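[1] after the sequence you'll find the predicted model.
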Amino acid sequence: MNTVSSNRSRELDRLLTFGKLVPVITIERAEHAVPLARALVSGGLRLLEITLRTAAGADSASRIIAEVPEAIVGIGTVLTRDDLKRAVDLGAKYALSPGATPTLLEAAARGELPFIPGIATSSELMVGLSFGFDTFKFFPAVPAGGIPALKALGGPFPQVKFCPTGGISEDNARDWLALPNVVAIGGSWLAPEGDLNAGNWSALTERAKRALARIGQ
Ligand SMILES: O=C[C@H](O)COP(=O)(O)O
Ligand SMILES: CC(=O)C(=O)O
């Protein structure tokens, strides 16, 4: 069985020093990608998760990587080995998944790209740990039990770091980040569909600044 190299774990740790808030971004129109990334970066958010949920997702990530060098682009909604390969081919710095199938974990452990698998239960976490991963998405964070659930997982798994996403908002961001096992949090609230469709880039910048202020950064 392939397991994650310690170099790759360190690289993920290094990337996660660039921010505690990760906007989860779903882009319908690739021409939105660059202005939206610039707006978030100018609001102080450098770690971006561009999902593969739309036809425009991959092209959008590619444009941001080419034109917004301050952005640290991760590819989200990685569900298959092909999605993972696409993230590598696009030149992403890391990839994330809502889940953790053995096939995906095996491919990710063999490759070089820092990867954050998603888990919602102890058993899923234990499978991920067996492949050498040490940082996981907790998804869907609020419906899967919220802060009490992640506190409880910290009991048997004190060494594991989490990036919860799913149901997190500006109002509870600080509470999540106060948990010792949370290294970053993600959410679509930092790049809402309404602002994207309206091209309201200044609202994204202002929201990012406000969210960072509310978590004391
Ligand atoms: O990680 C991706 C999630 O869909 C984000 O959840 P959210 O829309 O509740 O922030
Ligand atoms: C939900 C999630 O984790 C993702 O789309 O990557």
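    Yep, that arrived. Numbering: from 1, shown residues only. Ligands and ions are numbered 1, 2, ... in the order given.
[2] my guess is D83 meets I75, correct?
    Yes - with contact defined as C-beta atoms under 8 Å, D83 and I75 form a contacting pair (7.4 Å). Yep, even glycine has a C-beta here, placed from its N, CA and C like the rest.
[3] so where do the helices sit in this structure?
    6-15, 33-42, 57-67, 81-90, 102-110, 122-130, 146-153, 173-177, 193-198, 201-214 (DSSP state H).
[4] still on that earlier bit, can you pull the residues that touch both of D83 and I75?
    52, 95 (C-beta atoms under 8 Å, 6 or more residues apart in numbering).
[5] so if I had to pick from those two, which one is more boxed in?
    For D83 versus I75, neighbours defined as other C-beta atoms under 10 Å are more numerous around I75 (28 against 19).
[6] skip the chain neighbours and tell me the closest residue to the residue positioned nearest the centre of the chain.
    For the chain, E49 is the residue whose C-alpha lies nearest the centre (C-alpha atoms, centre = their mean; 5.1 Å). Spatial nearest neighbour of E49, excluding adjacent residues (C-beta to C-beta, 6 or more residues apart in numbering): G76 at 4.1 Å.
[7] just the pLDDT for the closest residue to Q217 other than its chain neighbours.
    Among residues not flanking Q217 along the chain, K20 sits closest, at 6.6 Å (C-beta to C-beta, 6+ apart). K20 carries a pLDDT value of 98.
[8] again, but for M126
    pLDDT, M126: 98.
[9] burial count for it?
    Per other C-beta under 10 Å, the neighbour tally for M126 reads 12.
[10] rewinding a little: for the residue nearest to E49, give me its contacts.
    Here G76 is in contact with 24, 49-52, 95-97 (C-beta under 8 Å, 6+ apart).
[11] so I50 sits against T77, correct?
    No - using C-beta under 8 Å, I50 is not in contact with T77; the gap is 9.1 Å.
[12] count of residues packed around L40?
    Neighbours of L40 (other C-beta under 10 Å): 27.
[13] same check on F133?
    26.
[14] how close does the closest residue to R81 other than its chain neighbours get to F131?
    Closest residue to R81 apart from its sequence neighbours, by C-beta to C-beta, 6+ apart: A107 at 4.4 Å. A107 sits 10 Å away from F131, going by C-beta to C-beta, to the nearest Å.
[15] quick check: neighbours shared by those two?
    Common neighbours of A107 and F131 (C-beta under 8 Å, 6+ apart) do not exist.
[16] end-to-end on stretch 59-73?
    Stretch 59-73 has an end-to-end distance of 13 Å (C-alpha to C-alpha, to the nearest Å).
[17] same deal with stretch 102-119?
    12 Å.
[18] that one close to ligand 2?
    Yes - counting by C-beta under 6 Å from any ligand atom, contacts between stretch 102-119 and ligand 2 involve G118.
[19] do stretch 32-48 as well
    No - on the criterion C-beta under 6 Å from any ligand atom, stretch 32-48 is out of touch with ligand 2, staying 12.2 Å away.
[20] now D59. Nearest residue, chain neighbours left out?
    A30 (4.4 Å).
[21] the one you found touches S60, doesn't it?
    Yes - applying C-beta under 8 Å, one finds A30 in contact with S60, separated by 4.8 Å.
[22] neighbour count winner among these two?
    S60 (28 against 18).
[23] pLDDT score assigned to the spatially closest residue to the more buried one that is not a sequence neighbour?
    By the measure of C-beta to C-beta, 6+ apart, the closest residue to S60 outside its immediate chain neighbours is A33, 3.6 Å from it. pLDDT recorded at A33 is 98.
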